[in-house]
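Novice: build the 3D model from these lines:
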Amino acid sequence: MALTHIVNPIIYSSPTIPRRFAAISPLKTLNPQFSRHTPQHAHALSRRLFLPSVSSIWDAITGGGDSNPREAIAAIRNGMQLFRQGDVSGSVTEFDKAIVLDSRQKACKCYVFLSEKLENFRIKNDFRSYVFALMTDLWQRGLSLYYMDRFEEGAEQFRLDVAQNPNDTEESIWCFLCEARLHGVDVARKQFLEVGRDSRPVMREAYNLFKNGGDPEKLVNDFLSGQASEVFYASLYAGLYYEAEGKSEKAKFHITAACGSPYGQRSDDYMASLAKVHRLCRNWSSGLV
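Specialist: Sure, this is the predicted structure:
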């Protein structure tokens with residue numbers, strides 16, 4: 001299916017807590033249920049100015065009519081549901097299936113190459129904007145890969161996602177978590193992905209903690225009287241920080257606290273499910289309740 005047939009940019013209001021992985025993709029633009037928050041403003045572009053050329057280039061990269069975006073959406077929905085149920089391996093199978101079904105997702109690396117080739121053309125910025133809206137950054141897949149100990153693939157997924165959206169605090173942290181397991185905390189911190197300022201105070205502090213090092217207990221204590229989501233996220237990321245340092249008992253304490261918090265128990269936030277899956281994968285609990 002040609003680019004002109006599948007894209008109709010939508011303008012969304014500014015994000016509110018929980019922001020979660022802010023990124024522009026076809027699934028998040030056209031299907032907000034796949035985003036963990038309302039996307040930031042999409043680019044409003046005049047398609048008539050450049051789409052005939054860009055569309056033909058894009059179809060040449062992606063295989064044109066070979067895409068099955070609706071089936072890909074269904075696969076991602078299935079993957080998310082399987083992850084929430086604790087079937088991490090099954091979720092990766094579905095996310096990979098989505099990539100196969102929607103050939104646009106194979107074009108992420110082609111995008112980098114082609115945008116460089118368009119360096120001297122006025123069309124470049126418009127092309128980049130539309131490709132940002134078309135590429136699916138499967139942050140869900142990256143999370144699942146982490147829990148399957150496929151850290152190199154997980155880091156690659158998160159680095160690609162941050163390249164698309166350089167203001168994504170959480171994906172920067174998750175890239176660090178993957179690379180810390182591969183190379184150690186010191187090396188991971190040296191190659192930490194710097195991103196823009198997060199609108200959420202708790203995630204700004206979590207970002208600084210992972211980027212610069214520090215005391216996870218301070219993160220938790222600073223938000224003990226905060227909103228329910230802040231209490232949850234502070235405990236979750238304190239636990240993840242301890243896990244990166246190899247301090248499993250402290251990691252267990254804080255992630256269990258995140259699960260037991262009101263937000264962790266009642267919210268349908270994907271990260272609330274992740275905290276429960278984390279406990280299950282670490283054999284800290286016998287179920288997801």
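
Novice: can we go C-alpha only for contacts and neighbour counts from here?
Specialist: Noted.

Novice: pLDDT weak spots in this protein?
Specialist: When residues are selected by pLDDT under 70, those of the chain lie in 1-67, 103-137, 286-287, 289.

Novice: apply 90 and report the result again.
Specialist: 1-73, 98-138, 160-161, 163-168, 285-289 (pLDDT under 90).

Novice: could you pull out the helices for the stretch 151-289 of the chain?
Specialist: Using DSSP state H, counting those that start in this stretch, the helices of the stretch 151-289 of the chain run over 151-164, 169-183, 185-190, 201-212, 216-222, 228-244, 248-260, 262-266, 270-281.

Novice: report all helices and strands that the third one contacts.
Specialist: When you say that, I think you mean helix 185-190. Other helices and strands packing on helix 185-190, by 3 or more CA pairs under 8 Å, 6 or more residues apart in numbering; DSSP states H and E, are helix 169-183, helix 201-212.

Novice: buried sites along the last one?
Specialist: Just to be clear, that refers to helix 201-212. V202, M203, E205, A206, Y207, L209, F210, K211 (16 or more other CA atoms under 10 Å).

Novice: ok, the second one to R197 distance?
Specialist: Going back to what we said before, that points to M203. Going from M203 to R197 by CA to CA, to the nearest Å gives 9 Å.

Novice: got it, and the fifth one?
Specialist: Here the distance between Y207 and R197 works out to 9 Å (CA to CA).

Novice: shared neighbours of M203 and R197, anything?
Specialist: Shared contacts of M203 and R197 (CA atoms under 8 Å, 6 or more residues apart in numbering): T169.

Novice: in contact with Q85, which residues?
Specialist: V277, L288.

Novice: just read off the phi/psi values of it.
Specialist: Backbone torsions of Q85, given as degrees, to the nearest 10, read phi -90, psi 0.

Novice: in a markdown table, list the helices and strands packed on helix 185-190 along with distance to T93.
Specialist: Below are the helices and strands packed on helix 185-190 laid out as a markdown table (distance: least, CA to CA, whole Å):
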| stretch | distance to T93 |
| --- | --- |
| helix 169-183 | 20 |
| helix 201-212 | 30 |
